[in-house]
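My questions are about this predicted structure, shown below with the sequence.
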Amino acid sequence: MHWICSTCGTQQEDTPQPPRRCPICDDSRQYVGWEGQHWTTLDGLRTRHRNAIREEEPGVWSIVTEPTFGIGQRAFLVRTSEGNILWDCISLLDDGTVRAVRDLGGIDVMAISHPHYYSSMIEWSEAFGGVPIWIHEAEREWVRRRSDAVRFWTGDTHGLPGGATLIRGGGTSTDTRRCTTQASFSPATSRRWPWTAAGRVSYTATRTWCRWEPRR
Ligand SMILES: [Zn+2]
């Protein structure tokens, strides 16, 4: 069973029984729930939650689980001229979501800003043909479920289809080993987003919803 931490939403390696601890919740940037460590499963999530998909701007859709699960993570599907990118990820994936995302062109590549968004990323990749999931090498230790789909990139930037670029760090961190990845999407992605695709998407993902923000 791939158990999912109820507090942070991270799916774990296959074990018969739930793990004793969730390393992500044990980290100082997250917290263990008041009532201790609790686990759920993807099937459990599917019985009580649904995903809402909304077009935020032309070419960009947000995917959010309702009612809120984990820390209220949100993923973004970004359509580019060279394929669709799933920026960040969420824990719930169900048939309705797969159908809706396929109707929008599916997913060609995934990229994750930081460990709070690892969620059920392997499930998402597999549902769309085993698409690659790009994660910075510095955050390798936090990946809780191994897969050949996970690709680690190094250095300060990494190119994605459609002119999108992953950028290491937010420029404000004093702890670069732990800082997040941001994404910059080309102006060609959406003419109404000369730069805000990067600013808005990464800002929303890493600052508003998350405690894993870079340390100042
Ligand atoms: Zn956790």
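Nice, thanks for sending it over. Predicted, not measured: the structure shown is a model, and the values here were computed from it.

Verify the stated contact: residue 87 with residue 79.
No. Residue 87 lies out of contact with residue 79 (CB atoms under 8 Å); the separation is 11.4 Å. C-betas here are computed from N, CA, C, even on glycine.

If you count surrounding residues, which of these two has more?
More crowded of residue 87 and residue 79, by other CB atoms under 10 Å: residue 87, with 27 against 18.

so how far is the ion from the more buried one?
Residue 87 sits 21 Å away from the ion, going by CB to the ion, to the nearest Å.

And for that residue, nearest residue in space, chain neighbours not counted?
In space, and not counting its chain neighbours, residue 87 is closest to residue 76: 4.4 Å by CB to CB, 6 or more residues apart in numbering.

Is that neighbour bridged to anything, and to what?
Beta-bridge partners recorded for residue 76 (DSSP bridges): residue 62, residue 87.

For it, list the residues it contacts.
56, 60-63, 86-88, 201, 205 (CB atoms under 8 Å, 6 or more residues apart in numbering).

Helices of the chain, start to end?
Using DSSP state H, the helices of the chain run over residues 23-26, 42-48, 95-103, 121-127, 196-203.

Around the ion, pick out the residues from this structure.
Along the chain, the residues adjacent to the ion under the rule CB under 5 Å from the ion are 5, 7-8, 22, 24-25.

8 Å - rerun?
Contact residues, the chain versus the ion (CB under 8 Å from the ion): 5-10, 22-26, 30, 32, 37.

Buried among those? Need that as a selection in PyMOL.
Per 16 or more other CB atoms under 10 Å, the buried members of the residues of the chain next to the ion correspond to this PyMOL selection:
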select buried, resi 5+6+7+8+9+10+22+23+24+25+30+37
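
got the residues of the chain next to the ion as CSV, with pLDDT and distance to residue 121 columns?
Below are those laid out as CSV (pLDDT from 0 to 100; distance: CB to CB, whole Å):
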residue, pLDDT, distance to residue 121
5, 95, 14
6, 94, 17
7, 91, 17
8, 91, 13
9, 95, 11
10, 95, 9
22, 91, 16
23, 86, 16
24, 85, 13
25, 85, 17
26, 82, 20
30, 62, 17
32, 69, 22
37, 85, 21
